Each structure stands twice: as structure tokens, then as C-alpha cells.
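Novice: Sequence below, structure please.
(chains A and B)
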Amino acid sequence: MASMLMNPLRSCPPVNAAWAVQYATRSLSTSVHLHAQVQTKSKKTLAKPGVKNIVLVDGVRTPFLTSGTTYADLMPHDLARAALQGLLHRTSLPKDAVDYVIYGTVIQEVKTSNVAREASLGAGFSDKIPCHTVTMACISSNVAMTTGAGMIAAGQCDAIVAGGVEFMSDVPIRHSRKMRKTMLALNRAKTLGQRLSLIGSIRMAHLTPELPAVAEFSTAETMGHSADRLAAAFGVSRLEQDEFALRSHTLAKQAQDSGLLSDVISFKVPGRDMVSKDNGIRPSSMEQLAKLKPAFIKPHGTVTAANSSFLTDGASAVLIMSEEKALAMGYKPKAYLRDFVYVSQDPKDQLLLGPTYGTPKVLERAGLTMNDIDVFEFHEAFAGQIMANLKAMDSDWFAQTYMGRKTKVGTPPMEKFNLWGGSLSLGHPFGATGCRLVTTVAHRLQKEGGQYGLVAACAAGGQGHAMVIEAYPQ
Amino acid sequence: MASLRALGALSRVTARRYNVMSGTLCVMYSHFSVRSFVNYEVKEDVAVIRMNDPNSKVNTLSVQMQTEMTEVFNEVLANNAVQSAVLISSKPGCFIAGADINMIQACKTAEEVTKLSQEGQKMFERIENSPKPIVAAINGSCLGGGLETNLGLISSTIYRVATKSKKTVLGTPEVMLGLLPGAGGTQRLPKMVGIPGAFDMMLTGKNIRADKAKKMGLVHQLVDPLGPGLKSPEERTIEYLEEVAIQCAKDIVNKKIALTRKKGLMQKAQDYVLGIEFVRQQIYKTVTGKVMKMSKGLYPAPLKIIETVKAGLEQGPDSGYLAEAQNFGKLAMTSESNALIGLYHGQVACKKNRFGVPERPVKNLAILGAGLMGAGIAQVTVDKGINTILKDTMVDGLSRGQQQVYKGFNDKTKKKTITSFERDSILSSLTGQLDYKGFEKVDMVIEAVFEDLNIKHKVIKEVEAVISPHCIFATNTSALPIKDIAAASKRPEKVIGMHYFSPVDKMQLLEIITTDKTSKDTTASAVAVGLKQGKVIIVVGDGPGFYTTRCLAPMLAEAVRVLQEGVDPKKLDALTTGFGFPVGAATLADEVGIDVAAHVAEDLGKAFGSRFGGGNVEVLKTMVEKGFKGRKSGKGCYVYTPGLKSKDVNPDLEDLLEKYKLAANPSVSSDSDVQFRLVSRFVNEAVMCLQEGILNGPVEGDIGAVFGLGFPPCLGGPFRFVDTFGADKLVEKMRRFEHVYGNQFTPCQLLLDHAKDSNKRFHK
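Specialist: Just a heads-up that it's a prediction; the model follows:
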């Protein structure tokens, strides 16, 4: 999934203030410029006759914390519960007013495999509300949201809570297969003799634990390794990656400081302090970043701990309704959830190219072009992955040779791209990132006055997702 | 050529002028010279030397390549603006595939070859002593001279970077051509990978993959192959390799990379032990013993390799290099090397489709019969992107066959040549079934049912009722004439024979049999499928036993007679392996199956009459009746105990042979005579196949005999054997045997023609 090797970065002294300020002014000036521009859109709205409008009422998330910090002693459903309670509080939603709860997660805690149910019960939702859990690697909560959207569109439900949770401070580490086999046989053994002989068959090697795989099952390649190869394939330099990572951290810091990350709720962690801020944002300097050694391909690789997303604990939740229901309940929705696509490609050499494949497809579906999009929120798994995707989207050759398209889709303008930080800086709790992206697009559209936003993300297995979001008229 | 040289000289002058400029201005510049094989370009202070043979798909160390390489190296060394160099190939999938074999074959005397070797040694020595660091960037095969180019760079100035691609292999395959690594390899390899590792590489000639090479110390750094980016994966991977290599070259100059590898404890211990002369002597002795056991002393190259390595280690490098050059010269002149090189060329020829591109490629293929053969064919087909149906009539048979295919791939998983995921996805293209469902989509059917004409006829009728008109019907039979099988077909132009050899996944040969009615496109399609399956292919005419079975049958008949004359199976095996056959005649009969041998002997006996006589067919028949069907039944000439490698002679066989005992004629029963009785019948039949037009040419005859039947590779096949041994001498021996046994030893007309005129040769 993401880098397991974030620790070196933690030792970097934070914030090169001068650089950050410089950057801040630059991006501020561009956004001012944006407002001044009058844009003509291909379409006035994406509403389709005969199709229900689905709205995002609101979205929240717990602070995203580096694994092994304040959340260390919790369980996944505790985090999800916190997000759900935050949503209840933020929206003043009656606890029996939703029809269904769906959660996305990647590394499952065996005890709470349907984490949606445990979290929903714990958060005080009515026990009459059914819940289920979905998984699709880093786009799991996108799947949760689109599943909910599908249920509303199909007329099955009117109000849905979707969310995602990931808890990397504790992962299931199993006994070896041989040991498990012996232990299961021990269960069935009838006589003392049988038991003793089974116990006697245990060897030292059986005690070696089995860690959850960080590698792609089909290719046995870790994601960081694949990202490094992808960056090399597109000729992305180490410098470009470090610059992008620094941009992400700088922008996140700026957004945090100016209170733009309003989706974050405060969470009183039992036995610990109140947490109300993401703790992985650390703007550093290019010199500091340049010092790090490659984390995956040694010694000549370019992906380091600092230009990769880090292991994160966190949960998110959104309230999705049909427009009529939301209005009937007196809500002022934030955005429409419009067209979305899922794509998948070669899990070996194109593992992280989901956004490249998803973006043109969803734009086509919606009948929009790149120019119509005011807000881009892409999931930043690795700086190298983002840069590679940007280069792929800008290449006619790639579009023609690998995507069967006539022309390239084009690159998102950087002044519209991930302006409040991204997974590299805010953190990336695999299952929870999707809801963060969607909520951020809604908030940015409101703040920046845009109409259309685009979410795109890559995921393990060589899959990807993209969704168009339309601002709800103010 | 002269003008080319002149241009080269001109370019050198230009190059120098450039150097002066760049030296003073300190600008980054690049420069292309007009040389056609080796060029270089200077990137900052790194010279990137690119090899690219304009006349071939692969790079070989030809004279021209060596000359230009030496020129370029001299320029690079003299160029003050250059701090280090990168050596890379512009060919995707090939660094240097080895020395130019034609260059060696063009030499008339050992001295000429020795001189070639010494020139190679000298060139590499110069590289070795280069004061500027050199990084070799390897993508694709780096074999023989290619590896030696690297070994030439063994000194403190070399660093090797290789791509982790499956195509990147390193090795010294010279031994397989009856030669030795003649450009310093025998001297440098032991220093680099240790004595045992070096012997292993040089005596087996095996290819070593990049990751293994890194562990052995042959390669310093690995580079991952890249996927699609802004260029094609192949192109970008070479570019990336070059970028990494250039960075390495700079890092070496800046002392960021140390060239001396830290030796591990095991390595130190091994070095210490091998420093003791007594230990080394023991190693030479053991290795020589092993070689003698494997090669029966019939192959001179492995022994010369040991001798040469020993000379270098015990008497110093000067004697070592001299011994290497001299032995290289001597080996190049041996008939064994000539035979092995002939086989190499033949194999290359038999990996081409001389029938052109088929009208439609086979994408869906069905195999009838999930027995040993059917499942084997499925195994070599299903991983080549062909959807494969394996059909049997019984659930048990089908299940056994599917298990065989699964095991084939699972064993590869265990050896880590494929991942479990790859295994699963390969097997997803295999469908096991008992009915003809989906046969309408199939492009080719290969039947591997029981060898019985009636059953084959029944099958062909059943299949033709369900397949589409374009579908090809191939029959896997070892002796039944294809035209007889095709007699039941409504569309004989679509019927062809595909004779596979057991075990299908191990045996390289595929014998394709065409009848008068088989269309050219059908043949092209069958050859295309065979090539996809990785086979070496001979295409022969129809007739009883085609080519391979027809050659083997008289030899086996003779073997039975030899047994009847009181030679025991172990002795018979020793005589045949002593002649160079990898498997003895008695063991071979057991492997093929006594029942199959009996069947074939009877069929061909009927077709060819007394010429195929010799041993009494009743011997084989009685063995089958008693259940001695060979390895598959646990008893044949030998008794096979599961789990045991050693085997004893079947004691019941002695009684049986006693019943059919023949008196041996002492005038033709010496060991050598017995060997020649066996071989001459084989060879005569092969020549007769050429005479009758069954064979397309002597090359296919040699390839078929060696790769399908295990004819001694050191003799190069029956036709080369006649050339080398002398047709007249062979005829003389045969006449002597003919005198005792009759027409079984009558030389055929073509052989007699060659005996009469010593200028007539099968191979030029």
C-alpha cells in the first residue's frame, strides 16, 4: 500500500518557513486570478431527466494520525465510531433516520470483519439499520459511497451513511499455515495421546509469524517498488518528486493553519488527549528531502519515505441522500455526486495509473472537458505516481498505444490541483481516503466558488476510480 | 570496406578536435562517429560506448566488432574529457550473444584459432588495465565472449549493472559447441566466482539469470525492467539502464561506490580452503571424475577446460593464457566441435517456419486423450496464450491428465521460475472435458488416443462432425502412416501428423508428417504451433515409421538380437552409451515401452519385410504377455522399484532369452562390432529416408536423430557421422555384417554413392 518506511522523514526538522511563505503567496495569487476569470462550461448542470439527484449533505473525518501515535491502543471500529458520532453531531441527524450504513476498509481486523455494523451500533445508530463493509484497496470508501448512491438511485434507500476506516497501528499477524493446521487438528484431537503427538510435531519453524502482505498478490511486488518503476518509466526525476511532496506538505500546512480543513472533527481518545489535528503534515526543505535514501529500489531508485504517503490511522464518514429527502429533512446539501467510473489495468506495470484511465472516461460520461473542472482532488499515493499520471495524461502516444483513445486528456492545471494538501501530507488511511477526497472537493467548490470538481484515485490491483462532483447551488 | 576504414580514421581526427574544444570550454557535448558496429557518445564526462551489429539481430564478437571496440577503447582512454565509460548494447534483449562462430569456422588451422583467441585475450587485457572505470550495462543475453568482455573488465575498474529481465542471462556456453571460453574466460572466471562456481558454469554451459548472477558476484547491481511510459517498455528500459549506469560511472569516479566487494565469512572461508593446493588437487580430481562419468571421455572440451583452469591456477597466468589459446585452437579443429556447431546451426534452422505464415493463427486448440502424451502436449501449449481443451472419454483418465499438467506448472512454481499466480492464470486457459463442447471454435485438434487405426478412424469421424471447416486435424502417432489415418477423413488436406516425443515437456523434437494431400497452409499452421510450443521441428514425408521411428526400429531389432546372442542388458547399455548415446538401448526400450516397441516392430516388419528383421519379435511379444512392458509396468529389461534410482536386470528376462537363444558369430561380436551393428543399421535407414525423399535434407535428419532419438551429439547426427567417419569405411563394415546376417545390413544406394566418391558429402 504505502511506504512502511516513513520513519526517516520523522527525523527531518520541519518547516522551511521562508519557502512555505513564498509558496503560499504564489498560490494565493493564482487563486485570486482564478476568481477573476469567467469560465464558460460545456454544461450548465449534470442533472439528467429521470435520474434522481444524489447529494452529499456533509462529510467529516477524524484527524489522520501517523500509525503508532495517539490512536495506537484503539481498534478500527473505535475510529469508525468516532467518525460516525462526529457526523451525527455535525448534521444533528436523528439516529434512526438513515436506511443503511456502508464502510470501506482494507486491512481487516478479524474480530470486527463487518466493521460497519460494529461501529454503527457503537455510535448509537438504531440497531434496525443494516450495515455492510466493502473493500477495494485505496478506493474502498469510494466504493462505499457509490454503493450507497446506487441504492438511492435504485429507489431502495433515501439516506445512507458511507465511510471508511483504516487502522495500521495494529494489523492481524497470523501464526504460520503449518502452525494453524496443527492447532486446528489439536481442536479435533480426541485422546491425550493424539494431542501430545500433535504438540510434539511442532517445530521452531512453525512459530515464525505471517505478516500481512504489503506486496501485490498477483505480482509479489510491493507498491513502492512499482511506484519507483512507474516513475522511471515516465522519466520522473527525484527532484520533481521531492518538489511535489514539499508542495503537498506546504499546502496542507497552509490549509490547516487557515482552518480550511473543516471536515476534521475533534476526537477525545480514551485515556489520551483530545485530538483535533492531522499530525503528519511536515513541510521540510528540498535539502532535507534530498538527503533521504531510496526506500524500495536501492541504490538508484527515486521513491523515498518522504515522497510517499505514510502509514496512517483514521476514519471518515459522509451523509448521502436523495435531494428530495435532504430538502425534506431541512438540510442544505453541499454537493451533487454525479457520474463516476471504476477502471482497472495491468497490476504489474500500470498498477498506479488509475487516474489516467479514469479521468477521460468519467469526463466523457459527464460530457465535460478538463477545462470545465474547477477543483481537482487526486489521491497522492506517491509523488512519483502523481507525476507519472500527469505525464501519462499529457501524452498522445500513451493515450493511443495503451488506452485506445485518439488523443490525450490533458493535465490538470496545478493551480486547481490538491490545493489543501493530499495523501502525501494529510496521511492516507487506505479505507478512509475516498470520503476525504469527496468532502474536500465539496468544501473547495464552496470556498473557491467553482461548479465542477473531479476526484481520481489509484488502488492496489491496478484499479482506479474517478467521480465528478457538482457544487450545490448556493 | 576500405572506404569504411577511411571514414573511421577521419572520424577519429574529428573526435580529437572536439575533445580539445570541450576540454577548454567545459561544455557538455555529444559525438557520433561513423563506425558501424561500435560507437560512442560522451555525456558530461562519461563515454557511452554502444555496440550494435548492423547486419544481425544480435551482437557477436566478430572481427569487425573487436577491431572497432579496440579503436573506441583507445580513443576513450586517450580522451582527457572522459573520466569513465559505460559499455552498452543498442539491441533490445542482447548484450553480446557470444563470439562469431563463423569466424572460428573460417579458420583452417589450430594456429589461426589460437591467434584469434590471443587477440581477444589482448583486447580484454587492455580493458582490464584501463585506468578509467568502466561500467558494463547488460540487458539481454550476455554469453560466451559477451561475458568475457565483462570478465575482461574484472579488474578494479569494472562495475556491472544488469536488468532483472527474464531475457538477461549470463553464461559461458562454449562447452556446448565443443569449445572453451577462449578470450580469457578460463582464467578470469575462477577469480571472480570461485573455482567450484567457475567449473560449474564452464562445464555445463548453463545460463545464469540476473538475480543469481548478482548472488554469485558476476553482477554488482540490478535494474528492474520498466513498463510502459512515454516510450515502449523495451526502449525505455535500455534508456533507464544507461541512465543508471552513467550515474554508477560517476559515483565510482567520485568514490561513492567502492569497487571491491566486501567478502562474506563464507567467501573468506572458501578462499582459504581453496588456497590449499591439496584441496585444489582434490577438486580437479573430482571434477575430472564427474566429467568422465558423464561424457564417457567422448567430449574433449570439458577435459581441456579443466586442464586450462589448472594451468592458470598452478603455473601462473602466463601459462594459463597460453594454455587457453592453444587449447582453444586444438578444440576448434576437433570433429566433436564441428559436430556440435553443426547441430547448433541445424537447431537454428529448425526453429524457423519455411512454410510461411499460416492463414489464421491457432488460438483455440483441442487435444484428444489425456494420457501421458496428450497431457504433455497440453502442458507445452496452454502457457503460450492458446486456449486449450483437454478431452478424454473417462473421468479418471481426464483427472490424471489434468493433474499431470498442474504438476508440471506447480513444479515451476516450486523452482520459482513462475509465481503461483502465473501458474493459476496459465491453467485458467485449460479446459478439461469429456464431451465435444466448444469444438466448433477450435482451430486445431491434436489427437493422442491409442495407437490403433480403427480407433483413430472412429475419432476422426466423430471430430469432423463437430469442428468447423477451417479446423486442422493433427494426429500424434509414432508409426501409423498418416495417409491411412486420413483415409477416414472427408478433408484430407487438413490432416497432418504431429509426432511428439515423451516426455513432451522435456523432449525438444517435434516430427511433423505431411501426406501428398496435406495442404501447405495446414503444414505452416502445424509448424507455427510447434514453434510456439518451443519445439525444434523437422517436417518429413509420410511412410511407415516416418523418419525417427523408422531409424530406431532396425536398431532396436538389432538390440534384441544382441540380447538373444547372450549379451546382458547392462552390457548392451554400456556399449551404446559408450558410443555416445545418452541412454542405453535396453533402457531406451524400457522407456519407450516394450509393448510399443513390439507393436512398431511388427508393423514396420510387415511394411519393410526382412530388412527390419534381426531379433525375434516374439521376444518382445512374450515380454508383453508376461507384463514386462518397461518402466511403466515396473518391469521390462530391468526391474524398477519406485523411489530407487538404481535398477537391476529383470531375472525373468534371462530365462526368456534362454528360450530364444541364438549362437553369436564371433567374427562380428566384438564390442566394437556390436556397436557398429547397432549404429550402422540406424544410419543406413536414415540415409535411405533421404534417398526416398522422406527427409527434406541431411540437416533435418541429423536434428531429428539427435534431438528425438538421442543419436550421439558428439557425432552430430547420422549424416555428419557418415561424412566424418567415411562412407567407404562404414560400407566396408556393413558388408562384413551383411555376409553373416544378410540384407539387414545391405547399404542403400545413396550410401554406396558416397562410399564410391569421397568428394560426396552430406554437409559441405
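Novice: quick one: contacts for whatever residue of the stretch 51-200 of chain A ends up closest to chain B?
Specialist: Nearest residue of the stretch 51-200 of chain A to chain B: residue A:177, at 13.4 Å (Cβ to the nearest Cβ). (Glycine included, C-beta is placed from N, CA and C.) The contact partners of residue A:177, by Cβ atoms under 8 Å, 6 or more residues apart in numbering or on different chains, come to residue A:210.
Novice: How is the residue sitting furthest away from the middle of chain A assigned, secondary-structure-wise?
Specialist: The C-alpha centroid of chain A is most remote from residue A:193, which lies 52.7 Å away (Cα atoms, centre = their mean). Secondary structure for residue A:193, judged by DSSP: H, G, I helix; E, B strand; the rest coil, is helix.
Novice: what residues does the stretch 301-450 of chain B put near chain A?
Specialist: Contacts of the stretch 301-450 of chain B with chain A, taken as Cβ under 8 Å from any Cβ of the partner chain, map to B:419, B:421.
Novice: Would you pull up the residue in the stretch 301-450 of chain B closest to chain A?
Specialist: residue B:421 (4.5 Å).
Novice: If I follow the layout properly, that residue ends up in contact with residue A:221?
Specialist: No. In terms of Cβ atoms under 8 Å, residue B:421 does not count as a neighbour of residue A:221; the distance is 11.1 Å.
Novice: and stretch A:406-416, how far out from the chain's middle?
Specialist: Per Cα atoms, centre = their mean, to the nearest Å, the displacement of stretch A:406-416 from the mean C-alpha position of its chain is 21 Å.
Novice: Who's the closest spatial neighbour of residue B:139, skipping the chain neighbours?
Specialist: Here the nearest residue to residue B:139 in space, its sequence neighbours aside, is residue B:163; by Cβ to Cβ, 6 or more residues apart in numbering or on different chains that works out to 4.4 Å.
Novice: re the thing from before, pull up the gap between the residue farthest from the centre of chain A and residue A:200, please.
Specialist: 10 Å (Cβ to Cβ, to the nearest Å).
Novice: swap in residue B:697?
Specialist: 67 Å.
Novice: Repeat that for residue B:357.
Specialist: 65 Å.
Novice: So between these two, which is more surrounded?
Specialist: Legend: neighbour count by other Cβ atoms under 10 Å in any protein chain shown for residue B:357 and residue A:200, higher for residue B:357 (11 against 8).
Novice: doesn't the more buried one fall inside a helix?
Specialist: No. Using three-state DSSP, the assignment for residue B:357 is coil, not a helix.
Novice: how many other residues sit next to the nearest residue to it once chain neighbours are set aside?
Specialist: Leaving out its chain neighbours, the residue that sits closest to residue B:357 by Cβ to Cβ, 6+ apart is residue B:524, at 6.8 Å. Residue B:524 has 17 neighbours, counted by other Cβ under 10 Å.
Novice: Okay, and residue B:524 sits in which element?
Specialist: Assigning secondary structure by DSSP states H and E places residue B:524 in helix B:520-532.
Novice: Who are the packing partners of that helix?
Specialist: If you count contacts as 3 or more Cβ pairs under 8 Å, 6 or more residues apart in numbering or on different chains; DSSP states H and E, helix B:520-532 packs onto strand B:444-447, strand B:472-475, strand B:495-500, strand B:509-514, strand B:536-541.
Novice: and the third one, C-alpha only, in CSV?
Specialist: Included here for strand B:495-500 are C-alpha records, laid out as CSV according to Å, rounded to 0.1, in the frame of the first residue of the first chain:
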residue,chain,number,x,y,z
VAL,B,495,-4.9,-33.8,-41.9
ILE,B,496,-1.3,-33.8,-40.7
GLY,B,497,0.9,-35.9,-38.4
MET,B,498,2.5,-34.3,-35.3
HIS,B,499,4.8,-36.8,-33.7
TYR,B,500,5.7,-35.7,-30.2
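Novice: what angle do that strand and strand B:536-541 make?
Specialist: 140 degrees (axes from the mean of the first three to the mean of the last three Cα atoms, to 10 degrees).
Novice: Within its sheet, name the partner strands of strand B:495-500 and how each one runs.
Specialist: Within its sheet, strand B:495-500 is paired with strand B:472-475 (parallel), strand B:509-514 (antiparallel), according to DSSP bridges.
Novice: Now render these as TSV, adding distance to residue A:355 and mean pLDDT.
Specialist: Formatted as TSV, the strands paired with strand B:495-500 follow (distance: least, Cβ to Cβ, whole Å; pLDDT from 0 to 100):
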stretch	distance to residue A:355	mean pLDDT
strand B:472-475	46	97
strand B:509-514	48	97
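Novice: Turn those strands into CSV, columns for mean neighbour count.
Specialist: Output for the strands paired with strand B:495-500, formatted as CSV (neighbours: other Cβ atoms under 10 Å in any protein chain shown):
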stretch, mean neighbour count
strand B:472-475, 25
strand B:509-514, 24
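Novice: Specify the stretch among those that is closest to residue A:424.
Specialist: strand B:509-514 (55.5 Å; Cβ to Cβ).
Novice: hang on, residue B:193 packs against residue B:214?
Specialist: No. If you go by Cβ under 8 Å, residue B:193 and residue B:214 don't touch, sitting 11.6 Å apart.
Novice: ok, residue B:86 - contacts?
Specialist: B:46, B:47, B:48, B:49, B:134, B:135, B:136, B:137, B:242, B:245, B:246, B:249 are the contacts of residue B:86 under Cβ under 8 Å, 6+ apart.
Novice: Now, these that are in helices?
Specialist: B:242, B:245, B:246, B:249 (DSSP state H).
Novice: tally of neighbours for the second one?
Specialist: Taking other Cβ under 10 Å as the neighbour definition, residue B:245 ends up with a count of 29.
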